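Undergrad: show me how the following folds:
(one chain, ligands or ions: 2)
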Amino acid sequence: MRTQVVIVGAGPAGLVLGQLLHRAGIANLVLERHTPDHVLSRIRAGILEQTSVDTLVAAGVGARLLAEGIPHDELAIVHAGRKQPLDLTRLVGARVMAYGQTEITRDLMQAREASGQETVYAAQGVRLDDWQDTAAVVSWHGSDGVRHSVEADLIAGCDGFHGVCRASIPAAAMRTFERAYPFGWLGVMADVPPASPHAVVYAHSDRGFALCSMRSRLRSRYYVQCPLSDRVEDWPDARFWPELKARLDPETAAAVVEGPSIEKSIAPLRSFVAEPMRFGRLFLAGDAAHIVPPTGAKGLNLAISDVALLAECIAEHYAGGHSKGNSVALAAYSDRALRRVWAVERFSWWATSLLHRFPEMDGFGVRMQQAELESLFGSVAARTAFAENYTGIAFES
Ligand code: APR
Ligand code: PHB
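TA: Ligands and ions are numbered 1, 2, ... in the order given. You can find the predicted model right below:
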């Protein structure tokens, strides 16, 4: 078997890259460990920056997103029971879009099927056999139990944080940066109208952080900060709803419609970056290279901006007549991607630090958080900086 680019992982990064490459006339094969149903069952993010929307449109999967996605011109921050709206459109002339990752994945899977590019689901034991100098060879066990292999010019490691691609890189060739946070997010999905259908609400409170989001006009997504030691069983619906409301401002709390949860999970929060994002013929993108805490909704957007850039570099590489692994365009990928990655890491870390209750925080730390939130409430300049980062920083690269 032979292709131009082997993409490991059929999450948003892998599937968007596959579509962008296909549209640039570049053959690619996607290898995914799980089944399509399993990939679709994962409940993840739901807020898209305009640049992510633009990339999805360019990838040919914009129709349903533009028809069914819900534009948000605002977001809101709650502090000390008061709600401060941030009018994104007025502050920075941009907005975000609420559209679930599950729906994006569904659209991408359909487009991939129509494109005729091959995807192998349930590919077990994916191994990078060669990716350093002369060729890229990747092998896997198919559902037939037979080991298959493919030769390619390049490998895109889009296999998430626990994937095989980053793990294949010798530790000495890579530097990693990490911050673990001393709390998690309990997420609840419920088929009830959202409390705040036109703006995500981020709430700082003495009881801890809370977030009101949505997937559609009839599906709400809520989160509350919880200790890392908590288990989902500790949070029956009867405990969740009053706790969520106790962390919100009175108006938003009154608008919460309670209903049975259809999904509930606890996720730890982490910041992580691996540098560089390229080793020989292997290019990392999305969660395979970096993780952000979910405050600010950047994970999915960063995965999409990585692959938009990677697709551009790969297309430039082939346009220059290179079939082998080296060209100026490919050499530039890692540095260009990392500039944006670190900017987004900073915002996600800062928003997390601002809005959560840290167990070890002393009185000074609490006052600093309060002062910073007051400055956000009182200063148009501070709100503008927030809005700029939230809607996606414009990047020259
Ligand atoms: N072989 C093949 N596939 C693998 C392997 C492997 N060894 N390891 C992981 N995968 C697959 C996973 O099953 C998954 O479908 O790679 C895919 C990685 O997808 P994601 O984890 O969604 O990562 P990514 O595409 O980078 O998207 C990142 O989306 O929702 C957000 O918070 C999420 O920030 C994250 C962003
Ligand atoms: C979500 O809708 O799941 C969501 C929204 C905003 C965030 C994080 C998650 O910051």
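
Undergrad: hey, let's count contacts and neighbours off CA atoms from now on
TA: Noted.

Undergrad: my read is residue 224 is in a strand, agree?
TA: Yes. The assignment for residue 224 by DSSP: H, G, I helix; E, B strand; the rest coil puts it in a strand.

Undergrad: you'd agree it is up against residue 208?
TA: Yes. Counting by CA atoms under 8 Å, residue 224 touches residue 208, with 7.4 Å between them.

Undergrad: so between those two, which is more surrounded?
TA: Per other CA atoms under 10 Å, whichever of residue 224 and residue 208 has more neighbours is residue 224, with 24 against 21.

Undergrad: wait, what's in contact with the more buried one?
TA: Contact analysis of residue 224 by CA atoms under 8 Å, 6 or more residues apart in numbering lists 185, 186, 187, 208, 209, 210, 211, 243, 244.

Undergrad: per-residue confidence for it?
TA: On pLDDT, residue 224 comes in at 98.

Undergrad: beta partners of the residue nearest to it when sequence neighbours are not counted?
TA: Of all residues not flanking residue 224 in the chain, residue 210 sits nearest, at 4.3 Å (CA to CA, 6 or more residues apart in numbering). Residue 210 has these beta-bridge partners by DSSP bridges: residue 203, residue 224.

Undergrad: burial check on residue 210, number of neighbours?
TA: 27.

Undergrad: thinking it is in contact with residue 202, fair?
TA: Yes. Assessed by CA under 8 Å, residue 210 is found in contact with residue 202 at 6.2 Å.

Undergrad: how about the closest residue to residue 292 other than its chain neighbours, what does it touch?
TA: In this structure, residue 292 finds its nearest non-sequential neighbour in residue 271, 4.7 Å apart by CA to CA, 6+ apart. Listed by CA under 8 Å, 6+ apart, the contact set of residue 271 reads 177, 178, 179, 180, 290, 291, 292, 293, 345, 349.

Undergrad: equivalent analysis for residue 19, please.
TA: Residues counted as contacts of residue 19 (CA under 8 Å, 6+ apart) are 59, 60, 108, 111, 112.

Undergrad: what's the longest helix in the protein?
TA: What stands out as the longest helix in the chain, according to DSSP state H, is helix 328-355.

Undergrad: tell me which strands and helices it is in contact with?
TA: strand 199-204, strand 261-275, helix 299-319, helix 363-378 (3 or more CA pairs under 8 Å, 6 or more residues apart in numbering; DSSP states H and E).

Undergrad: please repeat the previous calculation with a cut-off of 7 Å.
TA: helix 299-319 (3 or more CA pairs under 7 Å, 6 or more residues apart in numbering; DSSP states H and E).

Undergrad: next, the buried residues of the helix it packs on.
TA: The neighbour-count check on helix 299-319 (16 or more other CA atoms under 10 Å) flags 299-318 as buried.

Undergrad: by how many degrees do that helix and helix 328-355 diverge?
TA: Helix 299-319 and helix 328-355 meet at an angle of 170 degrees, taking axes from the mean of the first three to the mean of the last three CA atoms, to 10 degrees as the criterion.

Undergrad: ok, now how distant is residue 154 from residue 166?
TA: Between residue 154 and residue 166 the distance is 15 Å, computed by CA to CA, to the nearest Å.

Undergrad: can you tell me how far residue 322 is from ligand 2?
TA: 40 Å (CA to the nearest ligand atom, to the nearest Å).

Undergrad: which element is that residue on?
TA: Using DSSP states H and E, residue 322 sits within no helix or strand.

Undergrad: per-residue confidence averaged over stretch 175-195?
TA: 98.

Undergrad: right, is it up against ligand 1?
TA: No. Shown here: stretch 175-195 not in contact with ligand 1 (CA under 6 Å from any ligand atom), separated by at least 12.7 Å.

Undergrad: all set now, cheers.
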